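Asks: sequence first, then the predicted structure, then my questions.
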Amino acid sequence: MTKWVLILVMCSLENNICIPPFEWQEHFDDSYDCMMKGYEESLLKTKELGREKVNDLKMYIKFECTTIDII
């Protein structure tokens, strides 16, 4: 059975670093659900970091949805 997994990465252009990728524990049935969760979680994390930190560190969040085979 194929499922979709969300991988989130948070980066700082100011420091030119990214934290190690975080694999979301929940798996998804399709790309749409995975992408929606990626956008939702990116928005929540951006709000949590706050305007000052995001702007000062030039933070950004990227994510990827990829397939995995579940046995």
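Replies: It's in.
Asks: any stretches of the protein with poor pLDDT?
Replies: Within the chain, no range satisfies pLDDT under 70.
Asks: in it, which spans are helices?
Replies: For the chain, helices defined by DSSP state H occupy the ranges 31-57.
Asks: ok, His27 - contacts?
Replies: By Cβ atoms under 8 Å, 6 or more residues apart in numbering, the contact set of His27 is Lys3, Trp4, Val5, Ile68, Ile70. Placement of C-beta: from N, CA and C, glycine included.
Asks: any idea which of those is closest to Glu41?
Replies: Lowest distance from Glu41 to those (Cβ to Cβ) belongs to Val5, with 13.2 Å.
Asks: who's in contact with that closest one?
Replies: Contacts of Val5 by Cβ under 8 Å, 6+ apart are Glu23, Trp24, His27, Phe28, Cys34, Cys65, Thr66, Thr67, Ile68.
Asks: tell me the bridge partners for the fourth one.
Replies: With beta bridges defined as DSSP bridges, Phe28 has these partners: Trp4.
Asks: for the first one, same thing?
Replies: With DSSP bridges applied, Glu23 shows beta-bridge pairing to Ile7.
Asks: neighbours of Phe16, just the number please.
Replies: Actually, residue 16 is Asn. It isn't Phe. 8 (other Cβ atoms under 10 Å).
Asks: for Leu6, see how far away it is.
Replies: 25 Å (Cβ to Cβ, to the nearest Å).
Asks: could you report the neighbour count for Gly38?
Replies: Gly38, neighbours per other Cβ under 10 Å, totals 20.
Asks: return the residues in contact with the closest residue in space to it that isn't next to it in sequence.
Replies: Closest residue to Gly38 in three dimensions, ignoring its sequence neighbours and counting by Cβ to Cβ, 6 or more residues apart in numbering: Phe63, at 3.8 Å. Taking Cβ under 8 Å, 6+ apart, we find Phe63 in contact with Leu6, Ile7, Leu8, Val9, Gly38, Glu41, Ser42.
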